[in-house]
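Undergrad: quick one: sequence plus predicted model below, questions after.
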Amino acid sequence: MEEPALPAEPVRTAVLRCPDWPVTAARRREPALVGVPVTVVDRGQRGLRVVAASAEARAEGVTRGLRRREAEARCAGLVVLDVDDAGDARAFEEVARAVEEFVPHLVLHEPGALSFATRGPSRYFGGDDALAQLVLDTVAGLGITDATVGIAAGVFAAGLAASRSLVVERGGTVAFLAAWPVSVLAGPVEASYGDGAALVDLLARLGLRTLGDYAALPESAVAARFGPPGLLAHRLARGEPGHEPLAREVPPELVETMELDPPATRVDEAAFAAKALADRLLGRLDAMGCCCTRVVVEAETEHGERLTRCWRHEGALTPSTLVARVRWQLEAWLVASDSGVAAPGATAADAADAEMVTGGLTVLRLAPDDVIPATGRQLGFWGGDPAAADRAGRALARVQALLGPDAVATALPVGGRTPLERVRWVPWGDARDDTPDGASAAPPWPGAVPGPAPARVFDPPVPAALLDARGAPVVVSGRGDVSAPPAALDCAALPGGGGPLVAWAGPWAHDLRWWSQRRRRVLWQVVVDARADGRSHQVACLVAVERGHAAVEALYD
Amino acid sequence: MATALPPRSAQLASISRRTTRLPRRDAAARAHLEEVGRHTRPVSLAHERALELGPSLAALVSRGTLPRGSVVRVAGAPGAGVTTLGLELAAACTGVGEWVAVVDPAGSLGALAAREAGVALERFAVVRRVPPARWASVVAALVDGVSLVLADLPAGGVGVADARRLVARARERETVLVVGERWPADAALTLHARGSEWDVVGDVTGEMHHLTERRLHVHAEARSGAREGWLARAG
């Protein structure tokens, strides 16, 4: 555990940043992508947006935040890849291991960025400039040429210095910061309080354009006018640590440990255990009125190896951000040890490095680092109770522990023609990359069954017999011609085993897999006059006929 | 926690005491305090302890609300509308920002129908394909965490002892438990789906364009009495 830093003197820190790491990582996985314009897209609030682009693509005008379609229009031959956080984290582990050779206590920010305190290593290697050069050379040895290193007092200033590849001299951090526009404050404020853009916009409209202007204001005036988010920004602008140090000692027993028996060899097993651990850790911190911005993930393997890595988040770690980081790290440890050897382009030295984990994980430990006072959280305004969400999450996690992680699901409407096709079940806790109003289901689906959705969808469908007026099965020819109008349906899933039809609609024909084995499926909506307990009532269902066999696909229960 | 606060009646009494003691000239402060008093009046208490149902089901139950912690039995033949009634209850619950869990041993719940009934799918967790031996422990875990549990009974039914334990647990946690017809313990409310009539628009040969609307005949039976009603729904 580190001593809380004094506010006036943040630790001199180096930040190593690999711009557009998703592209670099993709090229390391797939060497054929080198020299080709590549971009990585992620599904955001409003569709697929560019999150990283290669230099070739940038030269053609592809920038962050561009829509996928627009990016493809600007740059011919653009290769578009989906974001793969886990893969990026695996690839970055190699960089972290190389830098760790000569720097103790690395802190990973996200795949593509890490930081470390320079005090020790820079004395040993002969100054900050020499250290920065050494780091760059090491990273270049791995084939990463576009990395940048910045050194300054505090992580915030060092991150800015890294974007210009600068080593700020001792005592010069405040002067270095003063010239930056206030817009650089948006990120840190966003991470801690949300809505960083609004604060930055307000500052600019008040005529405070640079960090120097803002830092010159008296702190009490800032606190009165802008509140806690403004204070955080003010401290950063003055080159101080963003968060107030904790006034009391952090008890050492906050470390959360879980023994895994049998040892976890798959990422999802270990990640599932990590989720419970993360909830416990944050719950205990919360009870103390604290939160943490850094966490040390530690694991032991069956063969007694001990792995440690520290991760940092810009604001306080929330359950989801913490679990994401632990998952990235587990991915890096467990998957790199399986596939790192066989990965294309891996040299023998890589393979030796990658074989760090030789068995399953037996112990998983999370230790909070850099504990800060909690800034408080906003309760839902219109009756939304965050405690209810936590309570539900815990109960569902218990059921997952009982039945396995896939047993609890939420439904995601997707495109398709039959009720079975139109729903994807996402395991509880996984990202529901949801688009508002089910926009992903929007493209026209010719042959989709209209009308209300059935409340019971059978998977697999229940075998049935769809008969015409003479009692012969209704069949459909290859051209889609129906042999006779249906008149009765027999099925075990219906009350009384089925009965005569009151009405029917259809058929809706679907050609399935026309590119290989052509199959034709025909759907009918029928209303059956079923008899149950001596009373007759109408039962509506969806019947499919395929290759002469009828089956009830869904029941409008 | 709510227990740490003084009871509402005490709060109200203190407000009215302060209101009467205020000097006459301080009309603005008096109006302000009246306003505060109006907000803290225990009118919302009934809302907090009961689940308000949607307009279609409200007519079938007394006061249009479902007391939290009660067990609702939904009965009816397959295809008669049992699932639709359950989804109506779920929609009423997610509509006020709360969470619903479904135990679906057959794994056949149609999520699109849930969305059409007005359920917010992001607060609607479905436990699919529960082994019968684990059914009671799964439902017990869910009753602890969410506001409403729609529990389809497993094929082999539920034991009386398990059912009574769940009733007690639901009452203690103030969770509404919705169960199927073969529920062996008592239920505060029983909704019978008596079958439905579909809007069959088409010619005399029985051909229609597609299914459109249905009217679901519901018979509600509570301790206070029985009511009959029709639930008009698309689906």
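TA: Received the coordinates, thanks. The structure displayed is predicted, hence computed values, not measured ones. Residues are numbered from 1 along each chain as shown, chains lettered A, B, ... in the order given.

Undergrad: what helix or strand does the residue in the stretch 251-400 of chain A positioned nearest to chain B sit in?
TA: Residue nearest to chain B within the stretch 251-400 of chain A (CB to the nearest CB): A:Ala395, separated by 2.2 Å. (C-beta placed from N, C-alpha, C; glycine too.) Assigned by DSSP states H and E, A:Ala395 belongs to helix A:386-403.

Undergrad: thinking A:Ala152 is in contact with A:Val168, fair?
TA: Yes - applying CB atoms under 8 Å as the test, A:Ala152 and A:Val168 come out as touching, 4.0 Å apart.

Undergrad: more neighbours: which of those two?
TA: A:Ala152 (29 against 23; other CB atoms under 10 Å in any protein chain shown).

Undergrad: secondary structure class for that one?
TA: Three-state call for A:Ala152 (DSSP: H, G, I helix; E, B strand; the rest coil): strand.

Undergrad: show me the strands in chain B, by range?
TA: For chain B, strands defined by DSSP state E occupy the ranges B:50-52, B:65-67, B:71-75, B:100-104, B:124-128, B:148-151, B:176-179, B:189-198, B:214-222, B:225-233.

Undergrad: hmm, back to that, and the helix or strand just after the helix holding A:Ala395, how far out from the chain's middle?
TA: Later in the chain than helix A:386-403, the nearest helix or strand by DSSP H and E is strand A:408-413. Distance of strand A:408-413 from the chain centroid (CA atoms, centre = their mean, to the nearest Å) equals 17 Å.

Undergrad: may I see the buried residues of strand A:408-413?
TA: Within strand A:408-413, the residues that count as buried by 16 or more other CB atoms under 10 Å in any protein chain shown are A:Val408, A:Ala409, A:Thr410, A:Ala411, A:Leu412, A:Pro413.

Undergrad: OK, now which residue of chain B is nearest to chain A?
TA: B:Gly145 (2.2 Å).

Undergrad: which pLDDT does the model give that residue?
TA: Listed pLDDT for B:Gly145 reads 85.

Undergrad: so who does it touch?
TA: By CB atoms under 8 Å, 6 or more residues apart in numbering or on different chains, B:Gly145 lies in contact with A:Arg391, A:Ala392, A:Gly393, A:Arg394, A:Ala395, A:Leu396, A:Arg398, B:Trp99, B:Ala101.

Undergrad: nearest residue to the fifth one in space, please, no chain neighbours.
TA: With CB to CB, 6 or more residues apart in numbering or on different chains as the criterion, A:Ala395 has its nearest non-adjacent residue at 2.2 Å, and that residue is B:Gly145.

Undergrad: which phi and psi values does B:Ala185 adopt?
TA: In terms of degrees, to the nearest 10, the main-chain angles of B:Ala185 are phi -100, psi -180.

Undergrad: how many other residues sit next to it?
TA: Neighbours of B:Ala185 (other CB under 10 Å): 18.

Undergrad: which residues touch it?
TA: B:Val71, B:Val160, B:Ala163, B:Arg164, B:Leu166, B:Val167.

Undergrad: would you mind measuring from the residue nearest to the third one when sequence neighbours are not counted to B:Val179?
TA: Across the structure, with CB to CB, 6+ apart as the measure, the residue nearest B:Ala163 apart from its sequence neighbours is B:Ala185 (3.8 Å). When CB to CB, to the nearest Å is the yardstick, B:Ala185 and B:Val179 sit 9 Å from each other.

Undergrad: which neighbours do these two share?
TA: B:Val71.

Undergrad: contact partners for the residue sitting furthest away from the middle of chain A?
TA: Centroid-distance maximum for chain A: A:Arg470 at 58.2 Å, with CA atoms, centre = their mean. By CB under 8 Å, 6+ apart, A:Arg470 lies in contact with A:Ala484.

Undergrad: need the pLDDT of it.
TA: 86.

Undergrad: before we move on, which element is it in?
TA: A:Arg470 belongs to no helix or strand, assigned by DSSP H and E.

Undergrad: I am finished for the moment; much appreciated.
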